[in-house]
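1. here is my input, please return the structure:
(2 chains)
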Protein chains: 2
Amino acid sequence: MNKKSLPTLYWEDNCLYLLDQRYLPKKTEYRCCSSYQDAVDSIREMSVRGAPAIGITAAYGMVAAASEAIVNNYNSAEIKNFLQQASEALIKARPTAVNLVWAVRRMEKVFDRVQDNQPEEIFNKLLQEAKIIHEEDINNNRMIGTNGAELIPPKASILTHCNAGALATGGYGTALGVIRAAVEDGKDIHVFIGETRPLLQGSRITAFELYHDDISATLITDSMAGYLMSRNMVDMVVVGADRIAANGDTANKIGTYTLAVLANHHEIPFYVAAPISTIDIEIDSGDNIKIEKRSATEVTHFGGIATAPEGITVFNPAFDITPARLITAIITERGVVCKPEREKIEKLFS
Amino acid sequence: MNKKSLPTLYWEDNCLYLLDQRYLPKKTEYRCCSSYQDAVDSIREMSVRGAPAIGITAAYGMVAAASEAIVNNYNSAEIKNFLQQASEALIKARPTAVNLVWAVRRMEKVFDRVQDNQPEEIFNKLLQEAKIIHEEDINNNRMIGTNGAELIPPKASILTHCNAGALATGGYGTALGVIRAAVEDGKDIHVFIGETRPLLQGSRITAFELYHDDISATLITDSMAGYLMSRNMVDMVVVGADRIAANGDTANKIGTYTLAVLANHHEIPFYVAAPISTIDIEIDSGDNIKIEKRSATEVTHFGGIATAPEGITVFNPAFDITPARLITAIITERGVVCKPEREKIEKLFS
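-> Coordinates of the predicted model:
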């Protein structure tokens, strides 16, 4: 970010430092993860969130595991066991974002290649790979931005949801990457930010990012999106993704599907911006994407204060599925897939 | 309500007592209005909300003005001036709910008839009229309930928004009146409650009402409605109204229009339940309904805690307009208007 450079995460002194997003915008505090379990907890407790950022955190989580193995003087077999334990725990930390599995699998492949080396060498190779994953992500975001910005007219009012920004990724952002690239191109962009209940990633994180980057933005509650569209105040919707099925169906933060239906009704383009690592080619359609259900207190309480009567039943799915037919295009680092469907998506991988 | 009888409002000892809904569900505290200005403040600060309840409050506000006139020993001309002042202030308290104007005009008519009488007689007649407005509202709600319940199958999952319950009216409720009547008919009803950001009338008030009435209910964030519909978890939407134009276009709590678009997309019936007093036959269409914009802090703060970066721009319309074409039926005390349009609505008044 411009005024204050606040990286999403970085590795230093054998520790993964994560900007603890639970406390934004009030506090900018880094959480130190010196063990893989710290990384698991940080993902589960949403100190870090956003599919790409979760993937990078998991990669560094594997590095933390290698570091622990060295400290504990594990032998070769013990290291292998311990890293397997770490990868299983990291993959289980949250179920919907596919980048988590993707990053851990990449780290496992590196480990497979170097497992007979000295522990320090294993550690160095894993750290190198995690840093590559991290850098690749930033570069991919810049490419997503470049590709996506082409879809944006010289003057546009863009609605986004949740946070698919620098803080959801290694840096720069996917949906916000597209917006940043359009602004860098000198376009006249105004962003409407859906606050994104229950955890308010829109108001707490996206508003924080855009405000600090001096990008013109207005905060709304999620319920206002339809009204804005009915008043011709929105030219397009741009969101990120947590997992994209082979047919283009997209899991993203709860509320995304509602925006897609609204955009469709108002004939407004609806764009999904995500790296290739978010596409799960193994999954046929959105029907097979597991939707995480989170705790009732996220909905019934705020800052420890009850906002609903005690004992009320709550349904709290963290994501929803937007079918491909409601998506105008998926913007990736390898290009824009208009009217997404299986064949076009498969081509990205060839 | 069943377990604990908590009237929305009542007149006692020269004072209008309002259940102060700002503090629900945490505190059940009554706010005493001994002057018309207290009533104005209570409406503006949303100690009382819901179009019918605002109307009744305004009626009692006129009674409070008459009571003040007596205490101050005003002469006939002074009383007239003072009551006019009161009616103007009450009408201006909030702009969207038409019941406010409707109730004040009814009280003015009574005053016009009795203005040459003794102050005590004026007061008594105004109090009598306010009580009639209050009782009529409860009876109307029961009729709305009876009429609406006929639209509900033996087993139904109903989504509602904001609070159109006992606490939005003189008692029983409009949208919740329909739900209550269906439950009283022995139907198997489950209610999904949209929490209704920014002021959480759904989680704070509707959840409170239904939970206390032992009506099966689940709380969701507003952003989850689309997901529920996509999973066939909602059979119909029932909401209240703040002002209905002559053509059936309906102003209601922000987020209502989004639900109507979603219901339309999923081919789910979308019902508006409201008394005739909510219909503003003078207003041609929704385009002419004034939408109140409220303060940014309703969106950026919760319980005094900032949830967004300081200085971020906010757009906070309190209502939106659902066009008649998205409304399956308007349920009134005089009957159900299916596919609402001007001619059918005019017939309600003949």
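2. when you work out contacts or count neighbours from here on, use the C-alpha atoms and nothing else.
-> Will do.
3. got a list of what A:Val40 touches?
-> A:Ala58, A:Gly61, A:Ala89, A:Leu90, A:Ala93 (Cα atoms under 8 Å, 6 or more residues apart in numbering or on different chains).
4. I meant A:Pro340, not that one.
-> A:Asn247, A:Gly248, A:Ala324, A:Arg325, A:Ile327, A:Thr328, A:Ala329, A:Ile330.
5. the fourth one against A:Cys338, yeah?
-> No. Shown here, A:Arg325 and A:Cys338 do not form a contact pair, counting by Cα atoms under 8 Å, at 10.6 Å.
6. name the residues contacting each of the two.
-> Residues touching both A:Arg325 and A:Cys338 (Cα under 8 Å, 6+ apart): none.
7. one step back: mind checking which of the contacts of A:Pro340 are buried?
-> Burial by neighbour count, judged by 16 or more other Cα atoms under 10 Å in any protein chain shown, picks out A:Asn247, A:Gly248, A:Ala324, A:Ile327, A:Thr328, A:Ala329, A:Ile330 from these.
8. looking at these, which are in strands?
-> Of the positions in those, A:Ala329, A:Ile330 sit in strands, assigned by DSSP state E.
9. and the two most separated of the buried ones among the contacts of A:Pro340?
-> Largest separation among these by Cα to Cα: A:Asn247 and A:Thr328, giving 13.6 Å.
10. pull the contacting residues for the single nearest residue of the stretch 101-250 of chain A relative to chain B.
-> Residue nearest to chain B within the stretch 101-250 of chain A: A:Ser223 (4.2 Å; Cα to the nearest Cα). Contacts of A:Ser223 were listed using Cα under 8 Å, 6+ apart, and they are B:Thr196, B:Arg197, B:Asp222, B:Ser223, B:Ile254, B:Gly255, B:Thr256, B:Thr258.
11. ok, 10 Å please
-> Applying Cα atoms under 10 Å, 6 or more residues apart in numbering or on different chains, we find A:Ser223 in contact with A:194-197, A:255, A:258-259, B:194, B:196-198, B:221-223, B:253-259, B:320.
12. can you classify it by secondary structure?
-> In three-state terms, and counting by DSSP: H, G, I helix; E, B strand; the rest coil, A:Ser223 is helix.
13. please apply the same query to A:His190.
-> Assigned by three-state DSSP, the conformation of A:His190 is strand.
14. is it true that it touches A:Ser157?
-> Yes. Assessed by Cα atoms under 10 Å, A:His190 is found in contact with A:Ser157 at 4.7 Å.
15. number of nearby residues for the closest residue to A:Gln115 other than its chain neighbours?
-> Here the nearest residue to A:Gln115 in space, its sequence neighbours aside, is A:Ile122; by Cα to Cα, 6 or more residues apart in numbering or on different chains that works out to 6.5 Å. A:Ile122: 23 surrounding residues under other Cα atoms under 10 Å in any protein chain shown.
16. A:Ile122 and A:Pro275, how far apart?
-> 28 Å (Cα to Cα, to the nearest Å).
17. residues in contact with the residue minimising distance to the centre of chain A?
-> What sits nearest the mean C-alpha location of chain A, by Cα atoms, centre = their mean, is A:Gly50, with 2.2 Å. By Cα under 10 Å, 6+ apart, the contact set of A:Gly50 is A:43, A:97, A:99, A:162-170, A:173, A:201, A:240-242, A:252-253.
18. ok, now A:His265?
-> With Cα under 10 Å, 6+ apart, A:His265 has these contacts: A:Gly226, A:Met229, A:Ser230, A:Leu259, A:Leu326, B:Val261, B:Leu262, B:Asn264, B:His265.
19. mind picking the two most distant members of those?
-> Greatest spacing in those, by Cα to Cα: A:Ser230 and A:Leu326 (18.0 Å).
20. got the residues of the stretch 51-200 of chain A near chain B?
-> For the stretch 51-200 of chain A, the contact set with chain B under Cα under 10 Å from any Cα of the partner chain comprises A:Phe192, A:Ile193, A:Gly194, A:Glu195, A:Thr196, A:Arg197, A:Pro198, A:Leu199, A:Leu200.
21. now do 8 Å
-> Counting by Cα under 8 Å from any Cα of the partner chain, the residues of the stretch 51-200 of chain A close to chain B are A:Thr196, A:Arg197, A:Pro198, A:Leu200.
22. for the first one, give me phi and psi.
-> This means A:Thr196. The phi and psi values for A:Thr196, taken as degrees, to the nearest 10, are phi 70, psi 70.
23. what does the third one give?
-> The phi and psi values for A:Pro198, taken as degrees, to the nearest 10, are phi -90, psi -20.
24. surely it meets B:Thr221?
-> Yes. At 6.6 Å, A:Pro198 counts as touching B:Thr221 under the criterion of Cα under 8 Å.
25. around the residue nearest to A:Asp222 when sequence neighbours are not counted, count how many other residues there are.
-> In this structure, A:Asp222 finds its nearest non-sequential neighbour in A:Gly194, 4.9 Å apart by Cα to Cα, 6+ apart. Neighbour count for A:Gly194, taken as other Cα under 10 Å: 29.
26. same thing with the one 4 residues further on?
-> Other residues near A:Pro198 come to 20 when the count uses other Cα under 10 Å.
27. which other helices and strands contact the helix ranked longest in chain A?
-> Ordering each helix of chain A by length in residues (DSSP state H) puts helix A:119-149 first. If you count contacts as 3 or more Cα pairs under 8 Å, 6 or more residues apart in numbering or on different chains; DSSP states H and E, helix A:119-149 packs onto helix A:51-71, helix A:99-114, helix A:175-184, strand A:329-332, strand A:335-338.
28. tilt between the third one and helix A:119-149?
-> Between the axes of helix A:175-184 and helix A:119-149, defined by axes from the mean of the first three to the mean of the last three Cα atoms, to 10 degrees, the angle is 60 degrees.
29. residue boundaries of the helices in the stretch 151-300 of chain A?
-> For the stretch 151-300 of chain A, the helices defined by DSSP state H, counting those that start in this stretch occupy A:175-184, A:201, A:207-212, A:225-230, A:256-265, A:297-300.
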